[in-house]
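Colleague: model this:
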Amino acid sequence: MIEPDEVVDAELVDDDHLPAIAKQHPAARPLVDRHTILRPNAPIPTTADLPTYTEADFRISQKTAELLDEAPPENTSRTYNSAREQFTNWCRENGRVNLPCTTATFVEYVGHLIRADKSPSTIQVAMSAIRSNHADGQQPGMKEAREALRKHARGWAQRHTPKKASAIRTDMLTAMVATCTSDTDASYSKAARDAALLTLGWGMLSRRSELANLLIDQLAIDDDGIHVLVAFSKTDQAAKGATTFVPSNPDDPATCPVIRVRAWLEELRRQDITTGPLFRHINRGGTVRTRTGPRGDFLTPDAIGAIVKGRAKAADLPDPSKITAHGLRRGPAQEIAEAGEDPTGQGRWKPGSLTVRKHYVEPAQGKVNNTITAMRRRRKAEQEAARQSDAE
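Modeller: Numbering: from 1, shown residues only. I've put the predicted structure just below:
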């Protein structure tokens with residue numbers, strides 16, 4: 001019984017609107033799976049231990065978005081875009097969804113490339129391009145595709161000989177640099193640029209992309225050589241940087257990188273250029289040309305390749321169509337290995353690089369230290385000693 005002066009909490013409601021019932025929070029669930037390891041006396045983690053996220057935890061700023069949207073390296077972008085376009089077309093023709101694709105579609109496309117007898121490296125690029133185009137957590141599975149590619153690689157190696165860039169040896173470099181002459185002021189700029197590009201590229205065992213991205217300020221020139229800072233490269237995507245010393249060549253001034261690079265820098269100064277890209281476009285009148293676009297004043301790696309091919313053709317080298325800018329890296333690497341030295345550091349390969357060992361060091365050692373050659377040399381010496389003994 002309620003006393004007259006007793007206060008009672010109450011809520012007045014309309015007849016057709018009952019009071020809201022408080023929502024029941026679900027009981028906390030354990031967060032464990034077959035990989036969970038619990039130490040003695042440690043509590044089992046539950047959903048109650050999870051943090052509560054707000055919109056702020058998922059937003060990024062406009063400036064950060066612009067950083068994420070910056071274009072990847074030109075060569076990578078072009079290659080990946082081509083691979084993705086081919087995959088998209090194949091999916092359209094076969095009634096499949098390309099993005100996000102299922103693992104079955106991914107495996108079937110890899111099988112399609114294998115049946116077309118594409119090289120393992122081409123298929124690997126396609127797989128990477130497709131997967132990197134998917135959002136995190138939506139990538140197709142790799143296990144089956146990777147196994148199929150592994151089997152294909154063995155068979156493909158039995159049917160094909162890998163194509164390798166022609167090595168630009170010392171005599172070939174000399175012939176190419178000899179074409180860098182000029183009779184007019186208009187042609188002098190290109191001659192000076194190309195001679196510097198060839199000799200510096202050969203001396204630093206350069207990749208064409210490394211030459212294309214060099215800055216004037218990244219060179220420190222002394223009479224005995226050039227210190228070159230390679231800010232980033234194929235094997236240094238984090239841009240830690242590496243410095244390579246390119247020695248002068250006093251025995252052959254024509255191919256001396258110090259002489260040739262100094263001549264090119266002097267030509268750039270004559271045109272009021274003292275900073276920025278080292279190798280640039282030149283118009284027919286011999287003037288360095290300012291350019292717009294993604295690369296700005298930098299030459300593209302393809303332009304570096306065209307310069308090397310053009311000088312090889314002008315030098316009338318055998319089969320110049322097979323000579324590429326990679327020859328500036330391959331040629332000196334071979335000569336260094338044949339001299340009994342390791343080209344890894346000069347060429348900025350990763351320490352212990354299998355590429356250097358397989359393609360340069362071991363072939364050179366197999367030639368110099370060949371056991372059959374040593375056997376024949378020893379037999380020849382024994383036969384010569386026997387003849388001398390008989391003559392006495």
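
Colleague: make it CA atoms for all contacts and neighbour counts henceforth
Modeller: OK.

Colleague: ok, now how distant is Ala263 from Ser182?
Modeller: As for Ala263, its distance to Ser182 is 13 Å (criterion: CA to CA, to the nearest Å).

Colleague: more neighbours: which of the two?
Modeller: Per other CA atoms under 10 Å, whichever of Ala263 and Ser182 has more neighbours is Ala263, with 17 against 13.

Colleague: and that one, what does it touch?
Modeller: 192, 196 (CA atoms under 8 Å, 6 or more residues apart in numbering).

Colleague: can I assume Thr181 is in contact with Tyr188?
Modeller: Yes. Under the contact definition of CA atoms under 8 Å, Thr181 touches Tyr188, with a separation of 7.1 Å.

Colleague: these two: which has the busier surroundings?
Modeller: Set side by side, Thr181 and Tyr188 show more neighbours around Tyr188, with 19 against 15, by other CA under 10 Å.

Colleague: name the SS class of the more buried one, please.
Modeller: Tyr188 carries the three-state label helix when classified by DSSP: H, G, I helix; E, B strand; the rest coil.

Colleague: Ser166 is in what secondary structure piece?
Modeller: Counting by DSSP states H and E, Ser166 is held by no secondary-structure element, helix or strand.

Colleague: contacting residues around the helix or strand of the chain with the lowest mean pLDDT?
Modeller: Comparing every helix and strand of the chain by mean pLDDT, DSSP states H and E singles out helix 362-368 as the least confident one, with a mean of 75. Residues outside helix 362-368 that contact it (CA under 8 Å, 6+ apart): 334, 337-338, 340.

Colleague: go ahead and build a ChimeraX selection from the buried members of the residues you listed.
Modeller: This is how ChimeraX selects the buried members of these, with burial counted by 16 or more other CA atoms under 10 Å:
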select :334,337,338
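
Colleague: in helices, which of the contacts of helix 362-368 fall?
Modeller: For the contacts of helix 362-368, the ones inside helices are 334, 337-338, with DSSP state H as the criterion.

Colleague: need those residues in a markdown table (columns: pLDDT).
Modeller: Below are those laid out as a markdown table (pLDDT from 0 to 100):
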| residue | pLDDT |
| --- | --- |
| Gln334 | 90 |
| Ala337 | 88 |
| Glu338 | 87 |
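
Colleague: now those residues in JSON lines, with distance to Ser119?
Modeller: Output for the ones in helices among the contacts of helix 362-368, formatted as JSON lines (distance: CA to CA, whole Å):
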{"residue": "Gln334", "distance to Ser119": "25"}
{"residue": "Ala337", "distance to Ser119": "28"}
{"residue": "Glu338", "distance to Ser119": "30"}
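
Colleague: out of the residues you listed, which is nearest to Thr344?
Modeller: For Thr344, the closest of these turns out to be Ala337, at 9.7 Å, with distances computed as CA to CA.

Colleague: can you pull the contacts of the nearest residue to the closest one once chain neighbours are set aside?
Modeller: The shortest distance from Ala337 to any non-neighbouring residue, by CA to CA, 6 or more residues apart in numbering, is to Val361 (5.2 Å). When the contact criterion is CA under 8 Å, 6+ apart, the partners of Val361 are 334, 337-338, 340, 342.

Colleague: how close does Val361 sit to Glu335?
Modeller: Shown here: Val361 relative to Glu335, a distance of 10 Å by CA to CA.

Colleague: repeat that for Arg84.
Modeller: Taken as CA to CA, the spacing of Arg84 relative to Glu335 amounts to 40 Å.

Colleague: got the phi and psi for Glu93?
Modeller: For Glu93, the backbone dihedrals are phi -70, psi -30 (criterion: degrees, to the nearest 10).

Colleague: number of nearby residues for it?
Modeller: For Glu93, which is what you asked about, the neighbour count (other CA under 10 Å) is 9.

Colleague: how about Val258?
Modeller: A count of neighbours around Val258, defined by other CA under 10 Å, yields 23.

Colleague: check whether it really touches His227, as I assumed.
Modeller: No. With the criterion set as CA under 8 Å, Val258 and His227 do not qualify as a contacting pair; they are 10.3 Å apart.

Colleague: which residues in the chain form helices?
Modeller: In the chain, helices defined by DSSP H lie at 62-68, 74-93, 103-115, 120-132, 143-159, 170-178, 185-203, 208-212, 257-270, 301-314, 327-338, 354-356, 362-368, 371-391, listed in chain order.

Colleague: so which of those helices comes closest to Pro40?
Modeller: Within those, the stretch nearest Pro40 is helix 143-159; the backing value is 36.1 Å (CA to CA).

Colleague: can you pull the buried residues of that closest one?
Modeller: For helix 143-159, the neighbour count (16+ other CA under 10 Å) marks 145, 149, 152-153, 156 as buried.

Colleague: out of these, which comes closest to Ala220?
Modeller: Nearest to Ala220 out of these is Ala153 (CA to CA; 44.7 Å).

Colleague: residues in contact with the closest one?
Modeller: Counting by CA under 8 Å, 6+ apart, Ala153 makes contact with 119-120.

Colleague: do you know how far it is from Pro301?
Modeller: Counting by CA to CA, the separation of Ala153 from Pro301 is 29 Å.

Colleague: same deal with Trp90?
Modeller: Relative to Pro301, Trp90 is positioned 30 Å away (criterion: CA to CA).

Colleague: also Glu338?
Modeller: In terms of CA to CA, Glu338 sits 29 Å off from Pro301.

Colleague: measure the spatially most central residue of the chain to Ala212 for me?
Modeller: Computing the C-alpha centroid of the chain and ranking residues by CA atoms, centre = their mean puts Lys234 first, at 3.2 Å. Applying CA to CA, the value for Lys234 to Ala212 is 13 Å.

Colleague: same check on Asp49?
Modeller: When distance is defined by CA to CA, Asp49 is 53 Å away from Ala212.

Colleague: please apply the same query to Glu341.
Modeller: Note on Glu341: its distance to Ala212, by CA to CA, is 28 Å.
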